[in-house]
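Trainee: turn this into a structure:
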Amino acid sequence: MKKLVVISVGVAMVSCIFSACTQTNKADVNARITEIEKKYQDSIKVLKKELNEANNKIEILSFPADQRLLHIGELFNSGDYSSVKKEVAELKRVFPNAKESESSNEYLKKIEAIEAAKKAEEERIKALGFKAFKDNSTAKFDNTTYSFSGFTYGRTFTFEYVHDVNEYSYEVADKGHTYILASLSISTKENYASNPKVYACEIKDGNLKEIDDFRIEYASYNTYGASIGNYSETSHDFSKVSSVKYKMAAQIPQSYTSKPIVIIVRKTSGYLSGEISIEEVRKDYEVIKILNRNKL
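Mentor: Just a heads-up that it's a prediction; the model follows:
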């Protein structure tokens, strides 16, 4: 019946327009078109409304409640809590009586608990300052694990020990300065891993200020030829091995060895610029080690 109405409307409009077009008065044609549109506008509105409702039902059925709940779970596992809240609200709107709507509340409760714990931790850090940060000898970002060890002070930075000739490279700190020395192991299942951005920082007015960034060098070579670049060494190639060992050093004034020094590694791309707050440390960095913690 609806199709007949639409067809009748269309035929009537075409017939009238064709008839009017045989006349010489263009104003009469426009007047007749307006008259026809007014006559059938209510029917057209009803049909458009019903069409929109039908399209909405099709869209709802194409993304049922169980699939929506599954998608919400995937968003939760990825840590996209903002999208979880949005999708839960949409699920409840579209399927208010579905069992999935009730089940989705569990995700909201979990997010509430996570956010409450995060807020409590942030308040604890603000209250205690850098004392609240624990040492983390291992940091994992994406698919790469960085393991740090052996933090100590020393005037000489030795690295790139060459096994077949029993030689190594070394550098001596500037006068009045010393190195913070450490070992680093990078492990990954990927075929490539970049060196981390590691910084030695002093605490200044409750913020961290960079003293120096760590220089990172290979710990050793098997052969002299590889050490001078004649050929690559598989022990340094992540497409061949899972872990590669390094030596690292940051130069600081000698007087700083009696002060608290915070060693941090950046979680994401970018660089430390100027001073950073506790909140920024928490967001973008991992605290690896606090030297002279007892001086905090």
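Trainee: residue ranges of the helices in the stretch 1-150 of the chain, please?
Mentor: 2-21, 26-62, 65-78, 81-94, 99-103, 105-128 (DSSP state H, counting those that start in this stretch).
Trainee: and for the nearest residue to A98 once chain neighbours are set aside, the neighbour number?
Mentor: Computed as Cβ to Cβ, 6 or more residues apart in numbering, the closest residue to A98 that is not its neighbour in sequence is A65, at 4.2 Å. All C-beta spots, glycine's among them, are computed from the backbone N, C-alpha and C. A65: 18 surrounding residues under other Cβ atoms under 10 Å.
Trainee: E167 too?
Mentor: Count around E167 with other Cβ under 10 Å applied: 13.
Trainee: chain center to stretch 95-106, what's the gap?
Mentor: 29 Å (Cα atoms, centre = their mean, to the nearest Å).
Trainee: show the end-to-end separation of it, please.
Mentor: The first and final residues of stretch 95-106 sit 16 Å from each other (Cα to Cα, to the nearest Å).
Trainee: before we move on, back to that, and the residue nearest to A98, what does it touch?
Mentor: When contacts are counted by Cβ atoms under 8 Å, 6 or more residues apart in numbering, A65 is found next to 91, 94-95, 98-101.
Trainee: again, but for S104
Mentor: 69, 72, 88, 91-92.
Trainee: which of the helices of the stretch 1-150 of the chain has the lowest average pLDDT?
Mentor: Of all these, mean pLDDT reaches its minimum on helix 2-21 (a mean of 48).
Trainee: for the closest residue to E87 other than its chain neighbours, grab the count of nearby residues.
Mentor: Nearest non-adjacent residue to E87, counting by Cβ to Cβ, 6+ apart: I72, 4.9 Å away. Look at I72: counted by other Cβ under 10 Å, it has 24 neighbours.
Trainee: I72 and Y81 touch, don't they?
Mentor: No. Contact between I72 and Y81 fails when scored by Cβ atoms under 8 Å: they sit 10.7 Å apart.
Trainee: so how far is A132 from A249?
Mentor: Distance from A249 to A132, counting by Cβ to Cβ, to the nearest Å: 28 Å.
Trainee: look up how far D80 lies from K99.
Mentor: 24 Å.
Trainee: right, and the helix or strand after whichever helix or strand E280 is part of?
Mentor: Using DSSP states H and E, E280 sits in helix 278-284. Next helix or strand after helix 278-284 toward the C-terminus (DSSP H and E): strand 285-291.
Trainee: other SSEs contacting that following strand?
Mentor: strand 144-154, strand 261-266 (3 or more Cβ pairs under 8 Å, 6 or more residues apart in numbering; DSSP states H and E).
Trainee: now, of those, which is deepest in the fold?
Mentor: Looking across the helices and strands packed on strand 285-291 with neighbours counted as mean count of other Cβ atoms under 10 Å, the highest average goes to strand 261-266: a mean of 22.
Trainee: average pLDDT across the helix or strand following that one?
Mentor: The C-terminal neighbour of strand 261-266 among helices and strands, as given by DSSP H and E, is strand 275-276. In this model, strand 275-276 has a mean pLDDT of 91.
Trainee: what about A249 and A132, which has more around it?
Mentor: Per other Cβ under 10 Å, whichever of A249 and A132 has more neighbours is A249, with 22 against 15.
Trainee: so for stretch 278-289, what gets flagged as buried?
Mentor: 278, 281-282, 285-289 (16 or more other Cβ atoms under 10 Å).
Trainee: rewinding a little: need the helices and strands packed on strand 285-291 in CSV with mean pLDDT and distance to V244, can you?
Mentor: Formatted as CSV, the helices and strands packed on strand 285-291 follow (pLDDT from 0 to 100; distance: least, Cβ to Cβ, whole Å):
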stretch, mean pLDDT, distance to V244
strand 144-154, 97, 11
strand 261-266, 96, 16
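Trainee: with distance to V165 as extra columns, can I get these in CSV?
Mentor: Output for the helices and strands packed on strand 285-291, formatted as CSV (distance: least, Cβ to Cβ, whole Å):
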stretch, distance to V165
strand 144-154, 23
strand 261-266, 33
